Each structure stands twice: as structure tokens, then as C-alpha cells.
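Asks: I would like the atomic coordinates for the input below:
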Amino acid sequence: MKISMFKKTLWWLFLLITSVLIMTPLLINYEVNQIWGEYTEKVATEPFKQPVKDLAIVNVNILSVDGTHMIEQQTVLIEHGVISEINSQVNLPDAVTVIDGTGKYLIPGLIDSHVHLWQSPNDLLLYLANGVTHIRELNGSAEHLVWKNEIQAGRPGPEMFVASRRHNSAGFFKGWFDRWTAKIQPVSDLDAIESDIIKMKNIGYDAIKIYTFLEKVHFQKINEIAKKYGMQLLGHIPITMELSEIWQSELKELAHTEELIKALNREFNGYNSESAASFLDYVQQRSSDVVSHLLNQDMAVVSTLKLMETFAKQKGDISAELRTVELAYVNPGITESTHPAIRVMGWLPGVNIYRLPNDYPAERIKGNQLYWQTYAKANQILIKAMAEKEVMILAGSDANVPVMVPGFSLHQELQSLTQAGLTEAQALRTATATPAAWMEKHSNTKIKTGKVQLGYQADLLLLRENPLFDIKNTQTIEAVINNGRWHPRKQLDGMLTAVKQANDQSRKLAINYFE
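Replies: Below is the predicted model:
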């Protein structure tokens, strides 16, 4: 009898352990997908799908090719998705759809050069509704490559440049876990790097992304193989490397201005609240040399300035900062995250990835604020220096990182760039002509966009107000033309409404407090 009971106990214990072993990965996988936005209701895109039409926008003010002024009362003819004629008087084909542009302004569609879609396809509509006709996904996945192809086939959304996952050095177990939960590509075996890069090139990635904790030996091997196969390298400056080593590499694009600030801070041996002013002086002194190297190496830099400016605010009062953005449009899986201990991409106060610990000493808060305010100021100094010497600055918002709302955040980025000292025309170029030319040179898809010019793809915004007078006017969107597809204001509003409704139906936590 006792033996029989013992066997039953062992059997139930076996079932329990087996259930735990099966259920734990499933639960973790569910949580991982949840925090990246997978389970938010998907908006049906078919109602927003538009055919490519022949269009004529008449009597409109157009942005000059050099982006410095508006040319008044022009007619822009678009045929088969391409700008075929620009003149004050144009003989229009019979079948063309005529749009009255009187008193309005026609500029190129905007390009956000640093975004993260994660598992949130509704964001594609947010970009289009905000006049962003191209995005550059800088932590790509196979899913993103599918979306890219679908958009080229007519799905409503911005055209996509897709870089690979972030490459970090890691051992087997950490690498496996990081790949599963944090969407990071682990690097450990030098001999596997070549086959991995060949695979990424063959399946359609436009670039390889380098990340912060990549060992020098791994960077050097990736650098060698990427050059061999003509793959662009972009991303972070590994902390194992000095600026002098980066200048000699194939890393021709930095994903943030702050990568340079971090490198300068390492040279400075780390500033604190007491040495903040001295660090700013150091950045000012080093800026000329840094800019010279950027120019000599033909290296582009993505701005992400607005995000840097929010760090102090998010650490100081995240609730107040959340009330300044369009929180209702952000995928609730991403904003809500899962557990306060898991710092992945949470936005709300309890899970915000930039929040200070609950036990952070009150007497240190002032110094912490000064530290991050200095960090933002250092980025502003360097961006101004880069603009003065015409370094290739690409406007990027790091969308979906708190508190950068997809689509909306690029307009905020342009405002931050003008506040840092760029003119309206300079800021507008960072989101139009400059990244367009950069992508044409470095991506797999060779398209001409970013200008209102003959032979260019018709990616355009019709605005009510002139953005050269005030960069905030990029938000006065009357219509978006995306590769010859006409999306009027009413339809753009419908996209925003549909995304908000999907979010509201999927939301677990109320956000009324932040509205």
C-alpha cells in the first residue's frame, strides 16, 4: 500500500515537473510577444488601400530642388507614380485626376531614419498618417521584410529600409536568451560570421547593425566580411573601441549622435554633475576634429536628439512627460510592458525603462537632472557643429522607444533640430533629400525620392502652411502622396482613428490620466 502511494506521488510529481517545463517557456514566449506588441488588435488595412493614379496638383507652391525656398504657382504632373512634369503651365492628359493646390505647399514625403516597429504593424498607418513616406527599421526581423514587400505591392504604409538585428557579443546561453527575449543577434563564433552575413544579404536586409557590447575582434571580422560582400554597416560604437579605430572602419553610419558623445565621454574619463560644464567645454573643443573625420569618412549620423532631451524629463517626472505625447496611438503592449523588474521597452510610470529606482536618494536627484540635461546639451552642441560643416545628418526619432510615438515623433525631432540651431531648410533636408540620397547609395532598393523633381518617385506632402517659415508646419498635412497613391486628410484621420480604437480594445491599463 505504501509503495503504491509512493508511486502515485512520484507520478504526480513527474507530471507537475513536466507541466512546469512545458508551460514556463510558453508563458515566457507569450510575455515576450506581449511586450513587443504582438497581441494588440490588428487594424484592417484594406479600407485605406489606394491605387496608383495619374495626378496633377495645380497652382501649388513647391519646395525647390535645393530645399531653400518655395517656387510659386506650379503644376506637378504625376504619371505611374513618378513626377513627369513640373511647370507653371502643363498640358494635362484627359484621364488625370486634378487637385487644386492653391495657397498650399508641396514638399517631399518625410523619412524617419531610425524607427523600431517591433511586432506592431499598426504603426505603419501611423507613419503614413503623419506624412512619413519612408522609414528605416534599425532592428529588423523576417516579419519586417514581409511588411516591406507587402508595402511595395500596395499595402498602405511607408516604404521600408530594413537593417538586421543588433549584433552583440555573447556566450551561448546569454546569446540564446537575448535573441529570444530582446531581439538581439548574438555573436560568438568568428567562423560563423561570414555565413551569417551572406544569409542576411540573401534574404534582403539592407544593412548590418552593430551594437554596444560587440567585442573588438567580432567587430573587426564583421567589418571585413561586410566589405567583402558589399553590406552596409551601421549602428553603435562598441565600447571596446576608440574613435580612431572607428574612423578606419566600414561603419559609415552612426545610429545616434549620442554614440559620439558616449565616445567623447570615455575620452573624458566620465563626467558627473560636478564636471558637467567642463565636459561641455571638452565636447565643444573636440567637435571640429570629430566633424572633420565624419566628412573625411563620408559618414552619416542619425540625430535622435529629441529622445536625448527627454531623458532628464522622464527621470524627473515621467507622468508629466507622457502627457506631452500622443500616448493613445502607441501600441499598449509596448507601453504597458509586463513587470517592473523587466526593463525592455515599457513606457508607463511603473515600467518605464528610464525611470529612477524607487529608492533613489532624494539628495541625488538634482545632480542626476544636471547630468542628463548636460547629456542633451552635448548632443545639441555636436549637431550644430555637424550642420555648420554639412555633415550628413539623418533625422531619426528612435520611434517606439519611450516617449517617441511612431509618426508623430519625427515632427518633434525636426523641431528639436531647429531649436539646436539648424534653419528650417536644414532641418527639412535631414528628413527628405539627405536620407533619400543616402538610401539610394546604400540600400538594395534603388529609388529616387526626397525631392520634388522630374523623374523622382511621387512621395509628397501637401501642406496648408509653409514649413520654411516654421518647421512645425510639417504637421499641417492636407494630403499624402505615397508612390503615386493619393491619401486625403479624411482618410489619414481614419487611419489614426482605427489605430486608436484597436489600441483601446487591447488596452489593459487605463491612460486617461495622461490625456
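Asks: right, and residue 434 touches residue 394 too?
Replies: Yes. Counting by Cβ atoms under 8 Å, residue 434 does reach residue 394; the two are 6.2 Å apart. (C-beta placed from N, C-alpha, C; glycine too.)
Asks: who's in contact with residue 212?
Replies: Taking Cβ atoms under 8 Å, 6 or more residues apart in numbering as the definition of contact, the neighbours of residue 212 are 168, 236, 237, 238, 239.
Asks: please redo it, this time with the cut-off set to 10 Å
Replies: When the contact criterion is Cβ atoms under 10 Å, 6 or more residues apart in numbering, the partners of residue 212 are 166, 168, 235, 236, 237, 238, 239, 240, 259, 262.
Asks: what residues are up against residue 113?
Replies: Taking Cβ under 10 Å, 6+ apart as the definition of contact, the neighbours of residue 113 are 134-136, 138, 161, 234, 253, 255, 300-304, 393-398, 410, 413, 430-431, 434-435, 438-439.
Asks: which SS class is it?
Replies: Classification of residue 113 by DSSP: H, G, I helix; E, B strand; the rest coil places it in strand.
Asks: for the contacts of residue 212, which one is nearest residue 512?
Replies: Taking Cβ to Cβ as the measure, residue 512 sits nearest to residue 166 out of those, at 35.1 Å.
Asks: Please, which helix or strand holds the closest one?
Replies: In the assignment (DSSP states H and E), residue 166 maps to strand 159-169.
Asks: Tell me the helices and strands packed up against the helix or strand just after that strand.
Replies: Heading C-terminal from strand 159-169, the first helix or strand you meet, by DSSP H and E, is helix 172-182. Contacts defined by 3 or more Cβ pairs under 10 Å, 6 or more residues apart in numbering; DSSP states H and E place helix 172-182 against helix 2-35, strand 159-169, strand 184-187.
Asks: hmm, 8 Å instead?
Replies: The elements that helix 172-182 packs onto, with contact taken as 3 or more Cβ pairs under 8 Å, 6 or more residues apart in numbering; DSSP states H and E, are helix 2-35, strand 184-187.
Asks: worst average pLDDT in the ones you listed?
Replies: Considering the helices and strands packed on helix 172-182 one by one, the lowest average pLDDT is found for helix 2-35, at a mean of 64.
Asks: What are the buried residues along the helix or strand that comes right after that one?
Replies: From helix 2-35 onward toward the C-terminus, using DSSP H and E, the following helix or strand is strand 55-63. Using 16 or more other Cβ atoms under 10 Å as the burial criterion, the residues of strand 55-63 that qualify are 55, 56, 57, 58, 60, 61, 62, 63.
Asks: how much space between residue 338 and residue 141?
Replies: As for residue 338, its distance to residue 141 is 20 Å (criterion: Cβ to Cβ, to the nearest Å).
Asks: for residue 260, same thing?
Replies: Residue 260 sits 28 Å away from residue 141, going by Cβ to Cβ.
Asks: go on, residue 238?
Replies: From residue 238 over to residue 141 the distance is 22 Å, taken as Cβ to Cβ.
Asks: which one of those two has more residues nearby?
Replies: The neighbour comparison of residue 238 against residue 141 (other Cβ atoms under 10 Å) goes to residue 238, with 24 against 18.
Asks: okay but that one is in contact with residue 220, surely?
Replies: No. Because the distance of 10.3 Å does not satisfy Cβ under 8 Å, residue 238 is recorded as not touching residue 220.
Asks: The residue nearest to residue 187 when sequence neighbours are not counted in helix, strand or coil?
Replies: Leaving aside its sequence neighbours, residue 187 sits nearest to residue 218 (Cβ to Cβ, 6 or more residues apart in numbering; 4.7 Å). Here residue 218 is recorded as helix under three-state DSSP.
Asks: I'd like to know how far residue 218 sits from residue 155.
Replies: Residue 218 sits 36 Å away from residue 155, taking Cβ to Cβ as the criterion.
Asks: again with residue 338
Replies: With distances taken as Cβ to Cβ, residue 338 is found 30 Å from residue 155.
Asks: And for residue 54?
Replies: Applying Cβ to Cβ, one obtains 21 Å for the distance of residue 54 from residue 155.
Asks: before we move on, what about residue 255?
Replies: As judged by Cβ to Cβ, residue 255 and residue 155 stand 26 Å apart.
Asks: the more surrounded of those two?
Replies: When residue 255 and residue 155 are compared on other Cβ under 10 Å, the one with more neighbours turns out to be residue 255, at 27 against 17.
Asks: Let me see the contact set for that one.
Replies: Here residue 255 is in contact with 114, 138, 209, 234, 235, 236, 302, 304, 396 (Cβ under 8 Å, 6+ apart).
Asks: Please report how far it lies from residue 163.
Replies: With distances defined as Cβ to Cβ, the gap from residue 255 to residue 163 amounts to 9 Å.
Asks: Can you pull the residues that touch both of the two?
Replies: 138, 209, 234, 235.
Asks: Show me which of these are buried.
Replies: Of all the shared contacts of residue 255 and residue 163 considered here, the ones buried according to neighbour count by 16+ other Cβ under 10 Å are 138, 209, 234, 235.
Asks: Rebuild the residues you listed as JSON lines, extending it with secondary structure, pLDDT and distance to residue 461.
Replies: Formatted as JSON lines, those follow (DSSP: H, G, I helix; E, B strand; the rest coil; pLDDT from 0 to 100; distance: Cβ to Cβ, whole Å):
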{"residue": "138", "secondary structure": "coil", "pLDDT": "98", "distance to residue 461": "23"}
{"residue": "209", "secondary structure": "strand", "pLDDT": "97", "distance to residue 461": "29"}
{"residue": "234", "secondary structure": "strand", "pLDDT": "97", "distance to residue 461": "26"}
{"residue": "235", "secondary structure": "strand", "pLDDT": "97", "distance to residue 461": "29"}
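Asks: still on that earlier bit, hmm, residue 185 and the residue nearest to residue 187 touching each other?
Replies: No. Residue 218 lies out of contact with residue 185 (Cβ under 8 Å); the separation is 11.0 Å.
Asks: Mutual contacts of the two, please.
Replies: Residues within reach of residue 218 and of residue 185 at once, by Cβ under 8 Å, 6+ apart, are residue 167.
Asks: joint contacts of residue 434 and residue 394?
Replies: With Cβ under 8 Å, 6+ apart applied, the overlap between the contact sets of residue 434 and residue 394 consists of residue 300.
Asks: centroid residue for this protein?
Replies: residue 115 (1.5 Å; Cα atoms, centre = their mean).
Asks: residue contacts, that residue?
Replies: 123, 127, 135, 136, 137, 138, 396, 397, 398, 399, 400, 406.
Asks: and the nearest residue to it once chain neighbours are set aside, what does it touch?
Replies: With sequence-adjacent residues excluded and distances taken as Cβ to Cβ, 6+ apart, residue 115 is closest to residue 399, at 4.2 Å. Residue 399 sits next to 112, 114, 115, 116, 123, 405, 406, 407, 409, 410 when contact means Cβ under 8 Å, 6+ apart.
Asks: so who does the second one touch?
Replies: The neighbours of residue 114, taking Cβ under 8 Å, 6+ apart as the test, are 136, 138, 255, 256, 302, 304, 394, 396, 397, 398, 399.
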